[in-house]
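[1] structure here, sequence nowhere to be found:
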């Protein structure tokens, strides 16, 4: 377990499995399950094994939204390569003005957190219930190895537009300056409709009538030992075959990653460094 923080009883707690960089660079194989992440939580999100749909969880009920856009119940044994969940704490509830866009919601959450949270609890878990117009949701197709980068996958994402839509948005807002590859900076929301007939990652929406609940949370990132060992193997490869500067960076990072002071940021950096090595046009790869 990496980067743990102690949590005050009056605050909630966000738990994240794996880091964003690992997902961005094509790790789509499961490292956890729905049954391990979401029971007893207030809300959560993630992606299914091999990117076979977006995951959204509300009050312990969890759905997968595959490429056809129709939610299906996500059973406890469904695997996930990346997931976030929130539990505990007392929410602060507020009305959202008509006409507020996603950009407006993001600004509202950021301003609220800046004015009310402390250094130990800078994360917001967010739930928004209401009616919306000009809604755009998305999912993606299941991937097969060798896995492409996530940005390549999302060039072929499947989008679902709605003139009018009613349902629940859930997600998290991490500080935008926290861009070390571990978390998703800014506000990130997944959606499930009131009739459970549509959902997915939220690209766009405008509020007609909505209520938002915010939890001020701390966060903890868990990286499975198998993924840490994977990162160690990747760094060893860069040390042996990388350019001199890459090899030097990898050696320093390997010492960090295998020490008691290892952080989630070290793990994210290891994945990114290996990716840079793979895409260095001047090196022979074997």
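    Great, that's in hand. Note that the structure is predicted; figures quoted are calculated from it, not measured.
[2] next, count neighbours for the closest residue to residue 43 other than its chain neighbours.
    Leaving aside its sequence neighbours, residue 43 sits nearest to residue 170 (Cβ to Cβ, 6 or more residues apart in numbering; 4.1 Å). C-beta: built from backbone N, CA, C; applies to glycine. Number of residues near residue 170 (other Cβ atoms under 10 Å) recorded here: 26.
[3] could you do residue 67 as well?
    Residue 67 has 18 nearby residues by other Cβ under 10 Å.
[4] what residue ranges in the stretch 151-286 of the chain score low on pLDDT?
    177-178, 284-286 (pLDDT under 70).
[5] the helices in it, which residues?
    225-241, 244-257, 264-278 (DSSP state H, counting those that start in this stretch).
[6] the ones you listed: which one's closest to residue 14?
    Nearest to residue 14 among the helices of the stretch 151-286 of the chain is helix 264-278 (12.9 Å), distances taken as Cβ to Cβ.
[7] mind listing residues that contact that closest one?
    2-3, 19-22, 25, 27, 180-182, 221, 223, 227-228, 231-232, 234-235, 237-238, 241-243, 246, 249-250, 253-254, 256-257, 283, 285 (Cβ atoms under 8 Å, 6 or more residues apart in numbering).
[8] and the angle for it with helix 225-241?
    Helix 264-278 runs at 40 degrees relative to helix 225-241, counting by axes from the mean of the first three to the mean of the last three Cα atoms, to 10 degrees.
[9] what residues of helix 264-278 count as buried?
    Going by neighbour count (16 or more other Cβ atoms under 10 Å), the buried part of helix 264-278 is 264-275, 277.
[10] specify the angle between that helix and helix 244-257 in degrees.
    150 degrees.
[11] contacting residues for the residue lying closest to residue 59 once chain neighbours are set aside?
    Spatial nearest neighbour of residue 59, excluding adjacent residues (Cβ to Cβ, 6+ apart): residue 42 at 6.6 Å. Contacts for residue 42 were tallied using Cβ under 8 Å, 6+ apart; they are 12, 59, 86, 87, 88, 125, 127, 215.
[12] mind listing which of those are in strands?
    Of the contacts of residue 42, the ones assigned to strands by DSSP state E are 12, 86, 87, 125, 127, 215.
[13] phi and psi next, for the closest residue to residue 219 other than its chain neighbours.
    In this structure, residue 219 finds its nearest non-sequential neighbour in residue 14, 4.3 Å apart by Cβ to Cβ, 6+ apart. Note on residue 14: its backbone torsions stand at phi -110, psi 130 [degrees, to the nearest 10].
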